[in-house]
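Student: Here is the input, now give the coordinates:
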Amino acid sequence: MVCAGMEEQFTREDALRREGYRHACHIMLYGDSSAKLFGKIPIKHIVLMQMRFDGLLGFPGGLVNPSKETLEAGLSRELHEEVGVAVPVGVDNHVSSCLSPSCPQLITHFYIKKMTEAELREIERAAVAAATDHGLEVLGMVRVPLYFLKNGGGLPYFLSHSFISNSRAQLLSALQRCRLLSQGELEKAVRQAEQMRRTNSGDPH
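Tutor: Numbering: from 1, shown residues only. From the prediction side, this is the model:
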């Protein structure tokens, strides 16, 4: 499950049968890594997100018109525009479909695809060198730090930033679904992130 809170959820097929709704597809591209930060802190996994034109963090993807293309074909098209590489996406990569918490009459479809470290590095290179949306709708690709540093550094700091719509909830659920972090680690990161937000807002509670 990757829908947050009380958002209404559908199967992929039920979502497509709904009339009068727009559809948006986004994907989490991830893979394993043997790299170490400072030569000692294991990176373990690469998870790609992006900094959007509005300053919010989100996943690659965008609006798709099911009357003209399949959800997966539309998502692949959006990926080519945003990351500069044709990434094949199949129905087996689909994880969830739910109503958007911020946009009425919009159904968001979320996908997850595991790739090799070399493939993810190529996406990062192409996103700068070849993507038509680079510097416009997409300001850059971002790796999610899945480690913990002193004073909340790493994942807690990352989660304290601002995300578009339900992408933060999608990230947390996907990390749990793919077993990239334990439930305890996720709860710790969320708790520390909330503490940072309260501190930054001047609310001691």
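
Student: For this protein, just list every one of the helices.
Tutor: Secondary structure of the chain (DSSP state H): helices located at 12-17, 71-83, 117-129, 155-159, 167-177, 183-201.

Student: Where in the chain is the helix or strand with the lowest mean pLDDT?
Tutor: Across the helices and strands of the chain, mean pLDDT, DSSP states H and E gives its lowest value to strand 9-10, namely a mean of 86.

Student: helices and strands around it, which ones?
Tutor: strand 94-99 (3 or more C-beta pairs under 8 Å, 6 or more residues apart in numbering; DSSP states H and E). For the C-beta atoms, the positions are set from N, CA and C on the backbone; glycine is no exception.

Student: Just the angle for the strand it packs on relative to helix 71-83, thanks.
Tutor: Taking axes from the mean of the first three to the mean of the last three C-alpha atoms, to 10 degrees, one finds that strand 94-99 is oriented at 90 degrees with respect to helix 71-83.

Student: Parallel or antiparallel, list what pairs with strand 94-99.
Tutor: strand 9-10 (antiparallel), strand 106-114 (antiparallel) (DSSP bridges).

Student: and those as a markdown table, adding distance to Ala129 and mean neighbour count?
Tutor: Listed next are those as a markdown table, based on distance: least, C-beta to C-beta, whole Å; neighbours: other C-beta atoms under 10 Å:
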| stretch | distance to Ala129 | mean neighbour count |
| --- | --- | --- |
| strand 9-10 | 38 | 16 |
| strand 106-114 | 21 | 22 |
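
Student: By mean pLDDT, show me the worst of the ones you listed.
Tutor: Per-stretch mean pLDDT for the strands paired with strand 94-99 is lowest at strand 9-10 (a mean of 86).

Student: Go through the helices of the chain and name the closest to His45.
Tutor: helix 167-177 (8.7 Å; C-beta to C-beta).

Student: Outside of the closest one itself, list whatever touches it.
Tutor: 1-5, 26, 28, 30, 47, 49, 57-59, 95-96, 110, 112, 144, 146, 159, 163, 181, 183, 186, 190 (C-beta atoms under 8 Å, 6 or more residues apart in numbering).

Student: Any chance of a PyMOL selection covering the buried ones in the residues you listed?
Tutor: To isolate in PyMOL the members of these that are buried, counting by 16 or more other C-beta atoms under 10 Å, one can use:
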select buried, resi 2+3+4+26+28+30+47+49+57+58+59+95+96+110+112+144+146+159+163+181+186+190
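
Student: Please name every helix or strand in contact with the top strand by length along the chain.
Tutor: Identified as the longest strand of the chain according to DSSP state E is strand 22-32. Counting contacts by 3+ C-beta pairs under 8 Å, 6+ apart, strand 22-32 packs against strand 45-52, strand 61-64, helix 71-83, strand 106-114, helix 117-129, helix 167-177.
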